[in-house]
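1. got a predicted structure here, sequence first:
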Amino acid sequence: MTAHLGPRAARRVFLTLTVTRWFPVGLVVGLFTLLPLERGLTVAQALTASALSGFVVFALELPTSGFADAFGRRPVFVAAAVVNVFAAVAYLVAQTFWMFALAACLMGLFRALDSGPLEAWYVDTVHASEPGADVDGALSAQGTLLGVGIAAGALISGGLVWWHPLTGQSALLLPVAIFVALNVVHLVAVLVLLREPRTHVDATGARRALQSAKEAPGVVRDGLGLLRHNRILRGLVMVEVFWSVAMVVFETFQPIRLAEMLGSEEQAGALMGPVASAGWGVFALGAALAGLLSKRLGVARTAILARTLNSLGAVVMGLVAGPAALVAAYLLTYGLHGGNGPMHSALLHREAQARNRATVLSMNSMMAFAAFSIASPLLGVLAEGSSNQVAMVTAGAVSLIGVLCYLPARRREREVQRQPVGEPAAVPR
């Protein structure tokens, strides 16, 4: 049996795999929106194909997370890394709507497998040595490294598009090809670095897989029961639903609107490199500042502040005219996106236990992808029927409603702060 890593060693593995997972994403930030448009798809077609990824995640999040909780986080995370390679190849060769749809489905499978296991592995590894320890500091560090990694990748991507050494091919092709190669590097890193004791069941090989598969539905039922009975967790998941509507603005419509202003996808692709790099840089800064601010305001209040301003930023992105103003609004909005992420995760971990942690994280992610997938094509149709700006403002305004769903977590945090030291906390309802 492999021994648990200590908290410091687990943190190093956690942050290293965060970098290998997310640095390649920087190479294709914005390009996965521009690539189908360059290859002949309409805005509505591109957003519809992309939306399929979210529906796959919605269907598979809980089964895969339940399996991760029952069988082990490492095998599920390894499987995710393998599927990631195939998804990247599919995007590289896609030329038609259905090819992009297949690539999106593979990406959805990857995200369903990837969502939760690494974070759950880290938190449980820390709790094995320090039971009940808060992990908001490590999650803020992860958000910072995630942002810096994607920022570096995006900057390199913009340089590659501008350089365009493969003159016989699209300028967008080379960054996607390198994305494929780096996903292979991530797979190797996962195989080498991630270690997990076999504590779930006393079996090996096929017997262990079969036993874990039988346990997974029970873990899923427990997770859904927790969502039904825990209003704090239910509120947090609803925050994610509204948050995802705003994400359509700064993840998808931003490069589309930029291409509209500049007149071509390749010009937007070259500019998206440094813009996305700066965006993920301020994302990292937002995550770091949120970690500091939460020590003064509390985790819930910091999350509320960042979420409110992020929604308003999405509205502003739809109102501005001119590339410079759009980029400025995007940077502000993305910094607030980075600040909200680790605080939201920390609130989720307060409502989870070791036996269902990956399931809780996946329920949150599942609803996010479902909301994003439903909102994207609807906003695409709205944009074609009116304008991209109208769709962006509408999405930002809808997202603002989600701030109210943080109130149960805020009330709970206030109750805990008022309790005398040493008094056990009340069970959340």
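-> Perfect, I can see it now.
2. do I have it right that residue 305 meets residue 297?
-> Yes. Residue 305 is in contact with residue 297 according to Cβ atoms under 8 Å; the separation is 7.2 Å. In short, each C-beta sits where N, CA and C put it, glycine included.
3. have a look at those two and say which one is more surrounded.
-> residue 305 (19 against 15; other Cβ atoms under 10 Å).
4. for the longest helix along the chain, buried residues please.
-> Longest helix in the chain, counting residues (DSSP state H): helix 265-297. Buried residues in helix 265-297, defined by neighbour count with 16 or more other Cβ atoms under 10 Å: 265-291, 293-294.
5. before we move on, what about stretch 181-195?
-> 182, 183, 186, 187, 189, 190, 194.
6. show me these that map onto helices.
-> 182, 183, 186, 187, 189, 190.
7. flag every buried residue along stretch 167-182.
-> For stretch 167-182, by 16+ other Cβ under 10 Å, it's 170, 171, 172, 173, 174, 175, 176, 178, 179, 180, 182.
8. just the CA coordinates for it, please, in CSV.
-> This file holds the C-alpha atoms of stretch 167-182, laid out as CSV (Å, rounded to 0.1, in the frame of the first residue of the first chain):
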residue,chain,number,x,y,z
THR,A,167,2.2,29.7,-44.7
GLY,A,168,0.3,27.0,-46.6
GLN,A,169,-2.0,26.4,-43.5
SER,A,170,-4.2,28.5,-41.4
ALA,A,171,-2.4,30.6,-38.8
LEU,A,172,-4.6,29.0,-36.1
LEU,A,173,-3.3,25.5,-36.9
LEU,A,174,0.1,25.5,-35.2
PRO,A,175,-1.1,26.4,-31.6
VAL,A,176,-3.7,23.6,-31.8
ALA,A,177,-1.0,21.1,-32.9
ILE,A,178,1.2,22.1,-30.0
PHE,A,179,-1.8,21.8,-27.7
VAL,A,180,-2.1,18.2,-28.7
ALA,A,181,1.6,17.5,-27.9
LEU,A,182,1.4,19.2,-24.5
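9. need the nearest residue in space to residue 89, chain neighbours excluded.
-> residue 180 (5.7 Å; Cβ to Cβ, 6 or more residues apart in numbering).
10. so how far is the helix or strand where that neighbour lies from its chain's centroid?
-> Using DSSP states H and E, residue 180 maps to helix 173-193. Computed by Cα atoms, centre = their mean, to the nearest Å, the chain-centroid distance of helix 173-193 equals 18 Å.
11. and after the lowest-mean-pLDDT helix or strand in the chain, which helix or strand comes next?
-> Within the chain, no helix or strand scores below helix 205-229, which has a mean of 63 by mean pLDDT, DSSP states H and E. Sequence order places helix 231-247 as the next helix or strand after helix 205-229, per DSSP H and E.
12. right, and the helix or strand after that next one?
-> Taking DSSP H and E, what comes next after helix 231-247 is helix 254-262.
13. got the contact list for that following helix?
-> 30, 33-34, 37, 43, 265, 267-269, 271-272, 275, 317, 322-323, 326-327, 330, 388-389, 392 (Cβ atoms under 8 Å, 6 or more residues apart in numbering).
14. pLDDT score for the residue nearest to residue 142 when sequence neighbours are not counted?
-> Nearest residue to residue 142 in three dimensions, chain neighbours excluded: residue 18, at 5.1 Å (Cβ to Cβ, 6+ apart). Turning to residue 18, the model gives it a pLDDT of 93.
15. what of residue 74?
-> On the pLDDT scale, residue 74 gets 84.
16. that one contacts residue 194, correct?
-> Yes. Here residue 74 reaches residue 194: they are 5.1 Å apart, a contact under Cβ under 8 Å.
17. dump the residue contacts of the residue lying closest to residue 399 once chain neighbours are set aside.
-> Distance criterion Cβ to Cβ, 6+ apart; nearest residue to residue 399, sequence neighbours excluded, is residue 246 at 3.5 Å. When contacts are counted by Cβ under 8 Å, 6+ apart, residue 246 touches 310, 311, 314, 333, 395, 396, 399.
18. was I right about the third one contacting residue 333?
-> Yes. Proximity of residue 314 to residue 333 meets the contact threshold set by Cβ under 8 Å, at 5.8 Å.
19. find residues that contact each of those two.
-> Contacts common to residue 314 and residue 333, judged by Cβ under 8 Å, 6+ apart, are 246, 249, 250.
20. which of those residues sits closest to residue 351?
-> Checking the shared contacts of residue 314 and residue 333 against residue 351 with Cβ to Cβ, the nearest one is residue 246 at 22.9 Å.
21. residue 82 versus the closest one, what's the distance?
-> As judged by Cβ to Cβ, to the nearest Å, residue 246 and residue 82 stand 32 Å apart.
22. cool, and residue 105?
-> Taken as Cβ to Cβ, the span from residue 105 to residue 82 is 15 Å.
23. again with residue 177
-> From residue 177 to residue 82 the distance is 19 Å (Cβ to Cβ).
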